[in-house]
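Q: model this:
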Amino acid sequence: MNQNPLLLLLWLLLLSLPGLSQTRDQWNTSSPGERFEVHDNLKREELTVVVFYSEKSEACQRFSQDLEALAQRDKGFKVGYLNIDRASAKTIDWTSPLARQYNLRAVPYVVVFEGKSKLAEGYDARKLLLERSDSIGR
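A: Now for the predicted structure:
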C-alpha cells in the first residue's frame with residue numbers, strides 16, 4: 001500500500017491534539033490471536049468493555065468507530081480490544097488460540113464488566129452500550 005507521507009504526518013498531528021487522540025487500548029498487541037486472560041486486565045470498580053475483533057472484518061471496523069465515538073463522549077468506561085487474528089492470518093482467524101479460548105463464533109464480540117464481574121455479553125452487551133449512548137444523546 002502506497003502511503004502519502006503528508007497524509008501520514010497530518011494524521012499523526014491530529015492524534016496528538018487533546019481530545020482527538022484515539023482511546024483505543026489494544027490489549028494483545030504483542031501476541032494477537034494467542035490466549036489471553038481478560039480478568040488479569042480488569043480493574044476493581046471500573047466499567048470495562050472488552051471487544052474481540054478481527055482486522056479483516058468491516059463490521060468490526062464500523063463498530064469500533066461507533067464505540068470510540070461513544071467513549072469520547074462518555075468517560076465512564078474503558079475499552080479493551082483483543083485481536084483474534086494471528087499475524088499470519090489471511091482471513092478472520094476462527095481457529096486462533098484466542099478464538100478457541102473464548103469459543104468465538106462472531107466478531108465483533110462484546111463483553112461488559114464492572115470490576116471483575118461480567119455484566120453482559122454478546123447481544124446484551126451491545127444493547128447495554130446502545131442504551132448508554134442514548135442516555136447521553138447521540
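Q: tally of neighbours for residue 62?
A: Neighbourhood size, residue 62 [other Cβ atoms under 10 Å]: 11. In short, each C-beta sits where N, CA and C put it, glycine included.
Q: ok, now which ones touch the residue nearest to the spatial centre of the chain?
A: Centroid check for the chain by Cα atoms, centre = their mean gives residue 81 as the closest residue, at 3.2 Å. The contact partners of residue 81, by Cβ atoms under 8 Å, 6 or more residues apart in numbering, come to 24, 25, 26, 27, 50, 51, 53, 64.
Q: Among the residues you listed, name the ones in strands.
A: Counting by DSSP state E, the contacts of residue 81 place 50, 51, 53 in strands.
Q: Reformat those as JSON lines; add pLDDT, distance to residue 127 and neighbour count.
A: Below are these laid out as JSON lines (pLDDT from 0 to 100; distance: Cβ to Cβ, whole Å; neighbours: other Cβ atoms under 10 Å):
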{"residue": "50", "pLDDT": "97", "distance to residue 127": "16", "neighbour count": "23"}
{"residue": "51", "pLDDT": "97", "distance to residue 127": "15", "neighbour count": "22"}
{"residue": "53", "pLDDT": "97", "distance to residue 127": "18", "neighbour count": "23"}
